[in-house]
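Q: Got a predicted structure here, sequence first:
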Amino acid sequence: MPNVKPDVIVSWPRTCDYPSWREFIWRERERSAKVIVVFTELAGPTDYRDFLRENLPAECYDSDPGGRDWRDVAVNLALDHSTSERVWFTEQDFEVTEAFWPQFTPTAVVPEDGSRLAHPCCLLTERTLIERTSRYFGTPPVDHFWLFGNELGELTPLTPIEGGYRHWQAISEGQMLIGQGERPKFHPDQFHDWLRQSLSADVPLHPEWARRARAELERGAHDALPVRG
């Protein structure tokens, strides 16, 4: 098959933003065919969907799980709107360097924690292979994408991508927590690094998102001050 540009598919919690990923997708826009975003539910005080529709080079859709697994519904909705012969499943906490791109060939994957097939932050594959699976991306029997990943692995070798990327992890959870007035729990220093990077991204920032991010960084700086006896 010739070098076919993939459709990019991401699930996007409507109460979160990922400015550094938006910057990435604008910068690398010519590497993909469509960018398909499906908005999902997540607790939080601000719904960013209107803002994101104006500031993403993407087709954006709303998802209604209707009692089914939210990610299974979102991914299948995106696939129904995908038209490329290749699909790139990814997440907004995944970023790459130039060393990544030479490895980006079907079927390439970055497994979660370097070993599990669940929750891949990066998986590029052929549409014909996807259609030979059950197209189930929900949690049972292990976690999101686990069954799909194993079905895919039975059809074709999965090639691990070795380096050239960073996977931040838990940045959606961190945004949800600070939106509820709580503090990030998973590696807060890493989450703060991601906030700083995102605040400096060369894309429009939603004022409420930026205010909340700066407030969390100020709290983190205060926590780091030495305690005087």
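A: Yes, it's here. Residues are numbered from 1 along each chain as shown.
Q: Run through the neighbouring helices and strands of whichever strand or helix holds residue 79.
A: Per DSSP states H and E: residue 79 is located in helix 70-81. Here helix 70-81 touches strand 7-13, strand 35-40, strand 59-62, going by 3 or more C-beta pairs under 8 Å, 6 or more residues apart in numbering; DSSP states H and E. Heads up, the C-betas are built off the backbone N, CA and C, glycines and all.
Q: May I have the strands that pair with the shortest one, each with its orientation?
A: Spelled out, that is strand 59-62. Using DSSP bridges, strand 59-62 pairs in its sheet with strand 35-40 (parallel).
Q: Quick check: what element follows the strand it pairs with along the chain?
A: Using DSSP H and E, the first helix or strand after strand 35-40 is helix 49-55.
Q: ok, residues contacting that next one?
A: Contacts of helix 49-55 from elsewhere in the structure, counted by C-beta atoms under 8 Å, 6 or more residues apart in numbering, are 12, 14, 17, 22, 37, 39, 60, 62, 203-204, 206.
Q: List buried residues within those.
A: 12, 14, 17, 22, 37, 39, 60, 203, 206 (16 or more other C-beta atoms under 10 Å).
Q: Now distance to residue 134 too, for the contacts of helix 49-55, in TSV please.
A: Formatted as TSV, the contacts of helix 49-55 follow (distance: C-beta to C-beta, whole Å):
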residue	distance to residue 134
12	24
14	27
17	32
22	32
37	24
39	24
60	26
62	24
203	37
204	40
206	37
